[in-house]
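J.: give me coordinates for this.
(chains A and B)
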Amino acid sequence: MSDNKQKSQQEISSEFTSYYLQRATKEFAEDLDKVRTADDFKNDAIHLLVNALQQGTALFSPEEQRRIVETAPERK
Amino acid sequence: MGKRQFRGAENGDGPRKRQRVVHEAPTSEVIHTSRQLRQLLAFDPDLGRSRHGLQSFKLLLDSLLSRDDKTDSAEKRQQHEARFTIVKEYLQSTKPIEDDESSTYLPDIMQTWSNAGQVNNENLLSAVPVVLALLLKLLSQSLELTPIGLGICRTLLQKRQQELISRSLSADKGKAFIISPTLRMLREAVCFDGGAIARPMFRARVSMLKSLARNMGIVHIGEEPEDIKKPSPRTNAVQLFLSALKYLHPEAKKELLAQRDVVTALTRDIKQDLPYLVLDILNGLRDHVLLDNKVPREAKSNFLSSTTLIKISGLYYYRLASDDLPSISDAAHDFLMTACTNPSCGVLRQDSGLYPREADPNAAIPSADLEELGLEAIVWMNKFKTEVPVRNFVLSNLLQNLRPWSSVKQSELITAIFKVAPELIADFFIKNKSFTFEPKLSATWIGYAAFLFNTVALPLPEYFCRGSGYAELPPPTSIVMDNILPLPLNQKALSRCLTNKARMISFFATRILILAVQKLDTAVKMHQDPAHSSKFHNNQALWTEAARRLVDEFCQRSPGIKEMINSYRSIPEDDILHREAASQLLRLYYEVIPQVALMAKFDVSPLLETALKRLSKQEKQKEAASEEDGEIDPRDFALSLKELENLLAIAGYSPGMRWFAATEQLTLSPFTTLLKVYVEALHGVSLAPVRQVLDFVAVEQQVVPAKDKGHPGISVLLETLKELTASSPSSLAALWPFLDKCLTRCTTAPVKYLEMLQDLAKDAEDEVLTVSPLVAAIIEQLPFAAKATDSKTTLDGLSRFLPKFLGYSAAVGESKPLLEAALAVMSDSFTKGLGKSLAVPKKHPFKQTKGGKSTEVKQDTNNTAAEGKKPESGDDVAALDSEQLERVLDLPDSLATDNSALIKWQNKSVDELVDEGHAISLISLLASEHASIRKEALVNILKIAAKVQQSEYEEKEQIWLLLSELAETARVAAVSQAVNAVAPLPSTIIAFACHAVNVLRDPTHSLYPKINSLLTRGPFWSVDRVPLADEVLTEEPAVGDSYFAQLNWLLAYLLDGLRTSKDLELFHKKRAKGPLFERLLAVAGNPYMRTPLRMQVLRILYRATKIEGGSTTLVTRFGVVSWLEELLKMKKGLLTTQTQGAAGNIVSSEDEVAVYKGLLKRIWDTCDKGRVKGWSKGGVEGVIA
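T.: Reported below is the predicted structural model:
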């Protein structure tokens, strides 16, 4: 990969968010399935759910996000 | 009469009257010339013909307005031109000769209209405004005809027309066919030529805007949605209103917005409006009211009432969708965001942050009340637990109508409002009691959790009051608390969340709690801000009390630490995101409210081990995966590392962490495993926190020398291991168990290895004795490693490791000769184990300071070099010669006997005996070398005791007791020696008695209680002991901070009590807490001790050198030479930094240096040189020289 130059904070943030969501959906897959079958799960609930899950990224400082994202594998 | 005949008709097939009016289609004809048009529109009393003319004109106008230059063919365009010319010619031909306010344009049409009014012909009353609306619309597109358009508009303002308009606007609700065209016509007029006549139209609002509110209420009825081409009166009325807002001047807008009925009607039915109209309303209101800075604030706030806002918030649930228009709920959200958070929109009012409306943050409270009652003196402090008076009541009402748990946007709106009006947070949750946080795996619960997360994440208002500085009084604790943990987040609900079997629920609760603890930390720090003590009133105590109360309340509302720990323990190993969050929460508890965290007695080691094990596993998996398809995500590793960091921090806070105890789970000790993680971590992973822990533990456990001595600590080991990882990872792998063993041994018996190093130093003859104790441990363990079955691989690894390690050690300033000696010993082991000696590179390892090392090592190397040069200042201070030294340190023997004391006392009163020192002189005689004198003294002491007892002397009991016990001690000592004579007591006992008399004379003396308790303990004192030494040196001073005063007293009596070689024995005798000398040296090592006290210790040492064997004992048994050297170093260090003349000191630092040097010389001069040389292998001689 050629991205030797530093990623912008925005890139880091969006990469971290997608990683965070990926981890969260993996860890709570079972519970998320149950929520999907709940009575109050309507069309916009999916948006609500994603929004709720990714809030947690706020608990990581920009430096920590960078640290985690930048250890990403260098593979194609 | 025809009508009657109709009514009388038997069959009901005949058309009804009402239907006749509506359905009777007007006739028309095609218009070819302007003349024809003029004839058609000429006033005709025949209503049918009038209608025919108007209808023909309408069709002409329709065709003109429907033209499209882009798509129309050339022929069609030509037709349009021709038709437009007809209209133009007609208008010009009917234009009044004089153009002024009273001129009437289109007189024929106006007359027809008037006539229609008179005869009440609804068809014409509808047809005229229809035509006029279309005509104005057409004219607004033509610059040339604008003056005529304006003329028509002005004609509408004439009285006759006004009346007609007014009448049409207030027609029956069902007459939409009259109302709508009239509204359309007015709208065209208002907009004409950029609102040129909007102002006069508004002046005529009584008729022009008549029944506007009512007309806004005439909505489309029917199952089908409203037809865009046939807008309802409401749509037309709303559009007229919006156009008026657009073109009216601010004052007129203010008046328009003040018409409550209109404003209410505008939004009452907004949910049923067509999407385009809703967007028009929202955009119109936003552009021409909210964001129009010329509209006065109160006009805006009149308009944006709770009702309006709530109606608009109803649009979050708007159902009619339109594909080609933006989403209505988004538009409503944007509108509300602007309206509610922008102070210039008139809704948001400035609040005082966490101080409710009725709380005066700067209320003057008598300081006496504050002192006595504390926070209770503030009347409003506990007032807002069930109700909070707010300034933003409009917003407060709106918030209660929102449902943040079911809509992300509504949640966003509320938190945005909370941010700008923090007073509403507590208010919102107090009012919104119905919604609880009881865990349930549903979208609603998750929505609510997300909303609460956002609320807790909001920062606290600046200075709590949103002012420019802190107020006098702290904000109500309950309000602050509601901002940190809002009411639904109570202990019960949170505990249930943490223990819920759905792990996602516990994850959400954990994340909220993390934010809450962080917020609590901020709040407490704000309470502790030094600014509170710099005001006129010193309210620091009050704020401190509030902070304490806040923490207490937080503890009551947050779940117990044990629940958090259990929740953490129950998280599966692979759920690293959840584990990271849970560990972060615990860490925060340790950092912010340690009193709660430590209560749980949480042993972090097992969790730490699990984390370390998982990291090692991930490493392995990573290695395995890299060869296959690479399923392991390095980001997971980085995330796990964060959990590890949290655990390490917790380990640092919790006492009793066993860093070097290997367990079943781990093959290596936690410390070594951590070392391994650090050394083998992926490139690019930041390990600063791990590194800090390694540094700290290594120094604390004395594996490496402390950093303050200029040594880089564990860096040397880390650098070596890192290099080895790069060059030969396999040899490193074999090395770990050996290294772990050495590190563990080093910490279990540090003294042993320090002594080993000293032994080695004897051979090496180096004055700088700094070498890592680890080196000694390696030396010791090497032979065992060589014998082990897998010795080959271990030794092979070591042969790569050791030269590098020793080389770096030397490079950072450790003793080269010592390291060389160590290398020699190690080499021996290699020869035995491997059959060959340690492969030392030809180039001397200690000279390698190559560039590949970390900057820290380099930097530290530099530091060491600077220190190795020895500070110049202080070295030029010459030692005191023996005479000077004697003057400073030698005090005369106070127990020197004066036999006349035996007689002198007899004529003295008890007061004189005690206060003038006669008793003390007599006691001193017990130290006499002559047995007879001692005997005589003893008898006299008993006599004095009797005399004192019978006297009126205030402290007679104590003095009597002291003297009696002294006599008894002497007697017992004599008996134990089986000599029928009074044996000379140790001088310490005698000196103690002498000094004790002076204490007993003064009940305020700090040692008075201690001496009394000693006297009441038993009838005599043990002669092997040094009375009160333990009590002063190790026990609390009991009386204030009199430690140094008591120490001074002790040192004085000890100095007097050290006279003979027998006394000396007492000083170096082994005791439970160490020999007295050792303890005295330790006391004087205290860098904060004042010079006079340290001088006193030096005097005792000097006294010891005067006794035979004293110096030798001091050197060989108490390492006094190194001790003095250390003091010298300390003082030299001070010399470089300290300015001259610390007033009050007997001796300056420079003098002290001279004294130390003199004393060193004195010790060397008076010791048994042969023995000391042998003992120190010449080391001491080197130091003295």
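
J.: how about low-confidence regions in the stretch 451-600 of chain B?
T.: The model of the stretch 451-600 of chain B has pLDDT under 70 over residues B:534-538.

J.: how about the residues of it by chain A?
T.: Proximity of the stretch 451-600 of chain B to chain A, by C-beta under 8 Å from any C-beta of the partner chain, involves residues B:453-454, B:457, B:502-505, B:507-508, B:511, B:514-515, B:574-578, B:581, B:584. Placement of C-beta: from N, CA and C, glycine included.

J.: relative to A:Thr71, how far out is B:Ser616?
T.: 17 Å (C-beta to C-beta, to the nearest Å).

J.: brain fart, A:Phe28
T.: According to C-beta to C-beta, A:Phe28 and A:Thr71 sit 23 Å apart.

J.: avg pLDDT for the helix or strand hosting B:Arg1171?
T.: Assigning secondary structure by DSSP states H and E places B:Arg1171 in helix B:1169-1176. For helix B:1169-1176, the mean per-residue pLDDT is 84.

J.: do stretch B:671-680 as well
T.: On average, stretch B:671-680 scores 83.

J.: now do stretch B:351-362
T.: The model assigns stretch B:351-362 a mean pLDDT of 90.

J.: quick revisit: name the residue in B:Ser616 and A:Thr71 with the higher neighbour count.
T.: Ranked by neighbour count (other C-beta atoms under 10 Å in any protein chain shown), B:Ser616 and A:Thr71 place A:Thr71 first, with 22 against 17.

J.: from chain A, how far off is the nearest residue to B:Ala946 once chain neighbours are set aside?
T.: In space, B:Ala946 comes closest to B:Trp960 once its chain neighbours are excluded; the distance is 7.9 Å by C-beta to C-beta, 6 or more residues apart in numbering or on different chains. As judged by C-beta to the nearest C-beta, to the nearest Å, B:Trp960 and chain A stand 74 Å apart.

J.: quick one, phi psi at B:Trp960?
T.: Torsion angles at B:Trp960 (phi, psi; degrees, to the nearest 10) stand at phi -60, psi -50.

J.: what's the distance between it and B:Val948?
T.: Separation of B:Trp960 from B:Val948 (C-beta to C-beta): 5 Å.

J.: and if you look at B:Val716?
T.: B:Val716 is 68 Å from B:Val948, by C-beta to C-beta.

J.: more crowded one of the two?
T.: Between B:Val716 and B:Val948, counted using other C-beta under 10 Å, the more crowded position is B:Val716 (27 against 23).

J.: thought that one was touching B:Val812?
T.: Yes. Between B:Val716 and B:Val812 a contact is recorded at 5.9 Å, counting by C-beta atoms under 8 Å.

J.: what about the helices in chain A?
T.: A:9-27, A:29-36, A:45-54, A:62-69 (DSSP state H).

J.: show me what counts as buried in the first one.
T.: Neighbour-count burial for helix A:9-27 flags A:Ile12, A:Ser13, A:Glu15, A:Phe16, A:Thr17, A:Tyr19, A:Tyr20, A:Arg23, A:Ala24, A:Glu27 (criterion: 16 or more other C-beta atoms under 10 Å in any protein chain shown).

J.: can you check the third one too?
T.: Neighbour counts using 16+ other C-beta under 10 Å place A:Ala45, A:Leu48, A:Leu49, A:Asn51, A:Ala52, A:Leu53, A:Gln54 of helix A:45-54 among the buried residues.

J.: kindly identify which of those also come near chain B.
T.: Among the buried residues of helix A:45-54, chain B is touched by A:Ala45, A:Leu48, A:Leu49, A:Asn51, A:Ala52 when using C-beta under 8 Å from any C-beta.

J.: could I get those residues as CSV with pLDDT?
T.: Listed next are those as CSV, based on pLDDT from 0 to 100:
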residue, pLDDT
A:Ala45, 87
A:Leu48, 90
A:Leu49, 92
A:Asn51, 92
A:Ala52, 94
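
J.: including distance to B:Gln1046, could these go into a markdown table?
T.: Shown next, in a markdown table, are those (distance: C-beta to C-beta, whole Å):
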| residue | distance to B:Gln1046 |
| --- | --- |
| A:Ala45 | 74 |
| A:Leu48 | 70 |
| A:Leu49 | 70 |
| A:Asn51 | 68 |
| A:Ala52 | 65 |
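
J.: from B:Ser495, how far off is B:Asp575?
T.: In this view, B:Asp575 and B:Ser495 are 20 Å apart by C-beta to C-beta.

J.: and the helix or strand containing B:Glu591 with helix A:45-54, angle?
T.: Per DSSP H and E: B:Glu591 is located in helix B:576-592. If you take axes from the mean of the first three to the mean of the last three C-alpha atoms, to 10 degrees, helix B:576-592 sits at 50 degrees to helix A:45-54.

J.: nice, that's everything, thank you.
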